[in-house]
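Asker: Sequence unavailable; structure follows:
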């Protein structure tokens, strides 16, 4: 008998050692827990064993690993336990529990249909540094006897190993989560620096946040008129019906109220929130939500919305809300930056338009206005003519004035927007510009175009035309040139204009860009992510090169 007891003790110790080695070599938490459950059944000679891991909230079980039940029995039982009855007692009161008969305990709630009968019971909490991670459960010793003090001691050792495994898994999960969050935030930060378009930025925010918090749907809503528009969305059910429902959001919805208040909200039940638009919620099939305002200088400029955490519990956590606020901050920076850029671009466009209008108004007043005044005086000469000869002379003079005025008006119209540019393309428009320029200034212009048969994009044609127009104006005002050459070239990836003159040139170190309109030309080219270079030395003319990507 003594030899048998010694042999059993040795076998038990061997199981414990083997389990420890296996745990250290196992990477998967589920794999570790399965080994511990199996070992607990072996060392206690229990027919059934189970291990429940308590969820972070401490109210139920997030994992339940079993040993001893066949697949058929598990299918008959159905859903795994949620932590009620005897299991709930162990969750709330983390102490060892031994029972002769499970059903006699006052907190027993019986077994579900198909569950095998269980009488003897041993429950041991999985504890580490005073924190309960779960419990080990053993039932039905094979010899029909009760569990012993030695059984309880051995299972406690296994429970300690399980606690370390669960804590390490959660620490690893937490570290991995932080790494993913940091990588996503860094990616968005890089995009804020390098991406000019708002849409892709907000799409990136929605996509990355949805992945990190495990939401079914994430959207970013921005004010539009009297309501809201969805600027970005990412979700499992991101079909036309979902997005259509999102686009129905109005200012009196929950999203609109959050925008007005400028403070974040977590809603665990959309049905119970009176501010929620229940029609939209029903069409989305949503039950929970996060609503986070996008704040720019403490002023709400949009709302980030998330619905339904994937998994058994659709409610979001406080950590999810904090993470959503971090992503909302990045989205707010993107929206605010986009608006500033748009306002700055509009301001520059308006400023350029006003400058052009001022010049045209001056020319209309000084040239066209004076010409029309001369025509009026000519008409008086016709009226006062005393003979047919005087009448003919007055009419001839008047005709010349009208022709000259008509030419001036046409020249101004071409400067505003040459019709040939829209109808026939860049080459035809530049040819007309060059002809007009040569006739007006007596400067010879050599034009060579190598653009092929296919027209350039309209915005590129406009940019290159304005570059040529501004360069010719500069040459007349500053260069004192007698000859100008213009080369238009197209490659697979870009279109380039090269303009050279044989004028007096200038010292580039003393060049004031705003004095020769170079700032405006450079901005036009940079809008297309192109490049403008100007080279000159005194007495050697100047060369201007503008390259625009296609």
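Answerer: Here it is on my side, so go on. A quick note: this is a predicted structure, and the numbers were derived from the prediction, not measured.

Asker: ok, residue 136 to residue 172 distance?
Answerer: Distance, residue 136 to residue 172, using Cβ to Cβ, to the nearest Å: 22 Å. (C-beta placed from N, C-alpha, C; glycine too.)

Asker: Neighbour count: these two, which is higher?
Answerer: Using other Cβ atoms under 10 Å as the criterion, residue 136 and residue 172 rank with residue 136 on top: 27 against 12.

Asker: Surely residue 548 touches residue 530?
Answerer: Yes: the pair residue 548 / residue 530 is scored as a contact, 4.0 Å apart, by Cβ atoms under 8 Å.

Asker: okay, and the common contacts of those two?
Answerer: Taking Cβ atoms under 8 Å, 6 or more residues apart in numbering as the contact rule, residue 548 and residue 530 both touch 463, 494.

Asker: These two - which one has more neighbours?
Answerer: Applying other Cβ under 10 Å to residue 548 and residue 530 shows that residue 548 carries more neighbours, namely 25 against 21.

Asker: per-residue confidence for the more buried one?
Answerer: Here, the pLDDT recorded for residue 548 equals 90.

Asker: For the one helix or strand it maps to, buried residues please.
Answerer: Element membership of residue 548 [criterion: DSSP states H and E] is strand 542-549. The neighbour-count check on strand 542-549 (16 or more other Cβ atoms under 10 Å) flags 542, 544-548 as buried.

Asker: Which elements pack onto it?
Answerer: Counting contacts by 3 or more Cβ pairs under 8 Å, 6 or more residues apart in numbering; DSSP states H and E, strand 542-549 is packed against helix 458-474, strand 494-501, helix 518-526, strand 531-536.

Asker: Please point out which parts of the third one sit buried.
Answerer: In this case it means helix 518-526. For helix 518-526, burial by neighbour count (16+ other Cβ under 10 Å) applies to 518, 520-522, 524-525.

Asker: Then the shortest one?
Answerer: Going by neighbour count (16+ other Cβ under 10 Å), the buried part of strand 531-536 is 532, 534, 536.

Asker: Dump the residues you listed to JSON lines, plus distance to residue 476 and pLDDT.
Answerer: As requested, these are exported to JSON lines (distance: Cβ to Cβ, whole Å; pLDDT from 0 to 100):
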{"residue": "532", "distance to residue 476": "20", "pLDDT": "89"}
{"residue": "534", "distance to residue 476": "17", "pLDDT": "88"}
{"residue": "536", "distance to residue 476": "16", "pLDDT": "85"}
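
Asker: how about these in JSON lines, adding distance to residue 468?
Answerer: Formatted as JSON lines, the entries for these read as follows, by distance: Cβ to Cβ, whole Å:
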{"residue": "532", "distance to residue 468": "13"}
{"residue": "534", "distance to residue 468": "14"}
{"residue": "536", "distance to residue 468": "17"}
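
Asker: Name the nearest of those relative to residue 478.
Answerer: Nearest to residue 478 out of the buried residues of strand 531-536 is residue 536 (Cβ to Cβ; 10.4 Å).

Asker: Contacts only, for the closest residue to that closest one other than its chain neighbours.
Answerer: If the residues on either side of it in the chain are set aside, residue 536 comes closest to residue 542, at 3.7 Å by Cβ to Cβ, 6 or more residues apart in numbering. The neighbourhood of residue 542, defined by Cβ under 8 Å, 6+ apart, consists of 479, 500-501, 503, 505-506, 534-536.

Asker: and what of residue 431?
Answerer: Under the contact definition (Cβ under 8 Å, 6+ apart), the residues listed for residue 431 are residue 447.

Asker: can you give me the strands in the stretch 101-250 of the chain?
Answerer: Under the criterion DSSP state E, counting those that start in this stretch, strands of the stretch 101-250 of the chain are mapped to 121-128, 131-141, 215-224, 227-235.

Asker: Which stretch among these approaches residue 258 most closely?
Answerer: Shortest separation from residue 258 across the strands of the stretch 101-250 of the chain is recorded for strand 215-224, at 9.4 Å, computed as Cβ to Cβ.

Asker: helix or strand right after the helix or strand bottoming out on mean pLDDT in the chain?
Answerer: The helix or strand of the chain with the lowest confidence, counting by mean pLDDT, DSSP states H and E, is helix 240-246 at a mean of 55. Read in the C-terminal direction, the helix or strand following helix 240-246 is helix 254-261, with elements assigned using DSSP H and E.

Asker: what mean pLDDT does that next one have?
Answerer: The predicted model gives helix 254-261 an average pLDDT of 88.

Asker: which residues make contact with it from outside it?
Answerer: Judged by Cβ under 8 Å, 6+ apart, the contacts made with helix 254-261 from elsewhere in the structure are 221, 223, 227-228, 249-251, 264-265, 267, 273, 275-277, 289, 291-293, 300, 302-303, 305.
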